[in-house]
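[1] Fold the following, please.
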Amino acid sequence: MVRAAIVLLAAGIGAAAVSTERRAAWPFQATVTDLQGRPVPFQVVTLGGTLVFKVGEKPPLGTPIVEYLVVGDTLRAMTPALYAMNPERGAILFFTQGEDSIQLVVGRNPFGATDRVSARGQRLSVRLVGPSAVIDSR
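    Numbers count the residues shown, from 1 in each chain. This is a model prediction of the structure:
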């Protein structure tokens, strides 16, 4: 009985070690807000990176239905907005039209809470430098 408990405990520790080494499918979270306290239209284009956006929910539990922004497509949205993303394969560009500016905060998951970087401007590009996200502002 004691041996069985030790084997199960060792198996549990081994499984926990494996699960912490997995990479998240979308290792970063981006939060887009306006600077003036009003909704601002903006657009997102991917230059190779992955951006995930919600398009609906499945009843009865409200499970999100998501899609990926692909190279060549443009996502049009309003602030505030929240996206899962992975700029590993290329940059992701957020931009506004006219005089409006946005603030972009990108953090590593869970919930974009760690390694946060932010920038303000009309054209913001998220890319990776090593393991860290960097935002270029123009």
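
[2] Can you show me the helices along this structure?
    For the chain, the helices defined by DSSP state H cover 2-21.

[3] By mean pLDDT, which helix or strand of it comes out lowest?
    Between all helices and strands in the chain, the lowest mean by mean pLDDT, DSSP states H and E belongs to helix 2-21, at a mean of 42.

[4] Break down this structure into its strands, ranges please.
    28-34, 41-46, 50-58, 63-69, 74-78, 81-86, 92-96, 102-108, 114-121, 123-129, 132-137 (DSSP state E).

[5] where in this structure is pLDDT low?
    1-25, 111 (pLDDT under 70).

[6] switch the cut-off to 50
    Along the chain, segments meeting pLDDT under 50 span 2, 4-23.

[7] circling back to that earlier point, and the strands of the chain as TSV, adding mean neighbour count?
    Placement of C-beta: from N, CA and C, glycine included. Formatted as TSV, the strands of the chain follow (neighbours: other CB atoms under 10 Å):
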stretch	mean neighbour count
strand 28-34	21
strand 41-46	19
strand 50-58	15
strand 63-69	13
strand 74-78	13
strand 81-86	20
strand 92-96	22
strand 102-108	20
strand 114-121	14
strand 123-129	19
strand 132-137	16
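
[8] Check whether Ala77 really touches Val40, as I assumed.
    No - using CB atoms under 8 Å, Ala77 is not in contact with Val40; the gap is 9.7 Å.

[9] now Val44: how far from Pro60?
    Using CB to CB, to the nearest Å, one gets 31 Å for the distance from Val44 to Pro60.

[10] Revised request: answer the last question for Arg123.
    41 Å.

[11] same check, this time on Val66
    For Val66, the distance to Pro60 - CB to CB - is 18 Å.
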